[in-house]
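Trainee: Make a model of this:
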Amino acid sequence: MRPRRGAAVQPRRALLRGAAALAVAAVLTAATAAPAAADSIRDRQWGLLALRAEEAWGTTRGDGVTVAVLDTGVDGSHPDLAGQVLEGTDVIGMGAGRGDRSWARHGTAMAGIIAGHGHGPGRGQGVLGIAPQARILPVRVILEEGDPGRAQARDSKGGALAEGIRWAADHGADVINLSLGDDSDSAHHEAGEDEAVQYALAKGVVVVASAGNGGESGDRVSYPAAYPGVIAVAAVDRRGRKAKFSTRNWYSTVSAPGVDVVIADPDRSYYEGWGTSAAAAFVSGAVALVKAAHPDLSPAQIKKLLEDTASDSPAGGRDDARGYGMVDPVAALQVAEAVQPEPPVPAPAAADVPYFGPGPDPARPPERGARLGASEAAAAGAVLLVLAAVLARRPRRGTRGRTRGRQPLTPPSHPAQ
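Mentor: Model (predicted):
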């Protein structure tokens, strides 16, 4: 039975690791009830007000930046996204297709939060994204809950996320949005995924992921949010408080709106959803703004920038519930003006001295005999033996002189008379 529109329902579930047969909460739920009137959509996008989007747009709207949305697919024909969606790829390669109800719902919602540009006269209708001039690169790596290909994908597409991350990094992505995660009992570090994330970071691609929706079920670690270098995003409500469902854990970087978020759907209706998926999409859009104005900043610099400029920071500067506070793209853009770009992978620095400490003792020149190697010493020994034999056959200098008739130094004695 379909829930009423506007009702709070459990998250749709999407496959992440097919080989491990794990279903993960796709951290945004769309409630299905009477869609809001088109002219009231903007009034309900409280996330744009919380992030001061209008002020940020005075600097940039994300033009020239590509955000890869690794998700269930993106409906590029949606009026709020038309012209913004690039040709992507489908790593799963099975299941629902374009036009099916269980295709691209979650991914389209995320793309709208990131780069929706509205539609109608003056683009005054529909949803606006935080970076409305950014481009979307869709990469299908998970399936909607009702997708008929889920069971088969469980058994054959366990490496889809890692493959999708590498594909996006190789096909022009500046930012990768991962509004997905695995925080089940059996969730664990996957070397292939971690390596794919590090590959993207090394190419200068910023990676953003949702922190997870396990706040009411154990706050278990969620991957890919917990991989090194990822900007992990927690969710907050209209008052800036941690959403009850948002996972509280050590890897949280910043927070963003994740409650009562207006989203676009392929059915051309608009819904309200919740989850750290939405929060991650807001942050990916904020990163797109920073990248548009400062394209040479490295992923590590952008992550540090978001941490340093977050608003409403917790006591002590950070906590596991909201990270460093609410992402603030306006402050990030201002502070970025003074940041000197660094390469994604730091260059090794030359050592001031050739050794740690004084170094080894100076080597003494070897003795003359020690200078010869084994073969040279053997040859030298043979020469000496030959020379000794020659000298043994030659007479001594005194003997040779007497045989030539030299006279003795004493006169001969006279014979007896």
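
Trainee: for this structure, which spans come out with low pLDDT?
Mentor: Applying pLDDT under 70 to the chain picks out residues 1-39, 366-417.

Trainee: all helices for it, in order.
Mentor: Here the chain has its helices, by DSSP state H, at 46-50, 53-56, 105-115, 150-156, 160-170, 191-202, 276-293, 299-309, 329-336, 374-393, 397-402.

Trainee: and of the ones you listed, who's closest to Ile231?
Mentor: Among the helices of the chain, the nearest to Ile231 by C-beta to C-beta is helix 299-309 (5.3 Å). Quick note: C-beta positions are derived from backbone N, CA and C, even for glycine.

Trainee: can you dump the C-alpha coordinates of that closest one into PDB?
Mentor: C-alpha atoms of helix 299-309 as PDB (Å, rounded to 0.1, in the frame of the first residue of the first chain):
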ATOM      1  CA  PRO A 299      40.000  18.100  -1.800                       C
ATOM      2  CA  ALA A 300      41.900  18.300   1.500                       C
ATOM      3  CA  GLN A 301      41.900  22.100   1.400                       C
ATOM      4  CA  ILE A 302      38.200  22.200   0.600                       C
ATOM      5  CA  LYS A 303      37.400  19.800   3.500                       C
ATOM      6  CA  LYS A 304      39.400  21.900   5.900                       C
ATOM      7  CA  LEU A 305      37.800  25.100   4.500                       C
ATOM      8  CA  LEU A 306      34.300  23.700   5.300                       C
ATOM      9  CA  GLU A 307      35.400  22.700   8.700                       C
ATOM     10  CA  ASP A 308      36.900  26.000   9.500                       C
ATOM     11  CA  THR A 309      34.000  28.100   8.300                       C
END
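
Trainee: Let me know the angle separating that helix from helix 329-336.
Mentor: Between helix 299-309 and helix 329-336, the angle comes out at 120 degrees (axes from the mean of the first three to the mean of the last three C-alpha atoms, to 10 degrees).

Trainee: Packing partners of helix 299-309?
Mentor: Identification of packing neighbours for helix 299-309 by 3 or more C-beta pairs under 8 Å, 6 or more residues apart in numbering; DSSP states H and E yields strand 206-210, strand 231-236, strand 252-257, helix 276-293, helix 329-336.

Trainee: on that earlier part again, CSV for the helices of the chain, including mean neighbour count and distance to Ser217?
Mentor: Output for these, formatted as CSV (neighbours: other C-beta atoms under 10 Å; distance: least, C-beta to C-beta, whole Å):
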stretch, mean neighbour count, distance to Ser217
helix 46-50, 19, 25
helix 53-56, 18, 32
helix 105-115, 32, 20
helix 150-156, 17, 22
helix 160-170, 23, 22
helix 191-202, 18, 22
helix 276-293, 31, 13
helix 299-309, 20, 27
helix 329-336, 20, 31
helix 374-393, 10, 74
helix 397-402, 9, 110
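
Trainee: closest one to Gly64 among the ones you listed?
Mentor: Closest to Gly64 of the helices of the chain, according to C-beta to C-beta: helix 276-293, at 5.7 Å.

Trainee: Could you tell me the angle between the closest one and strand 252-257?
Mentor: Going by the same axes, to 10 degrees, helix 276-293 makes 100 degrees with strand 252-257.

Trainee: which strands and helices sit next to helix 276-293?
Mentor: Against helix 276-293 (3+ C-beta pairs under 8 Å, 6+ apart) you get strand 66-71, helix 105-115, strand 175-178, strand 206-210, strand 231-236, strand 252-257, helix 299-309, helix 329-336.

Trainee: Could you rerun that using 7 Å?
Mentor: If you count contacts as 3 or more C-beta pairs under 7 Å, 6 or more residues apart in numbering; DSSP states H and E, helix 276-293 packs onto helix 105-115, strand 175-178, strand 206-210, strand 231-236, strand 252-257, helix 299-309, helix 329-336.

Trainee: Would you check how far apart Gly208 and Gln84 are?
Mentor: Just so we're on the same page, residue 208 is Val rather than Gly. For Val208, the distance to Gln84 (C-beta to C-beta, to the nearest Å) stands at 18 Å.

Trainee: Tell me which of these two has more neighbours.
Mentor: Neighbours per residue (other C-beta atoms under 10 Å) separate Val208 from Gln84, with Val208 holding more: 34 against 24.

Trainee: for Ala104, what are its contacts?
Mentor: Contacts for Ala104 (C-beta atoms under 7 Å, 6 or more residues apart in numbering) come out as Thr72, Gly73, Val74, Asp75, Pro266.

Trainee: Fine by me, thanks again.
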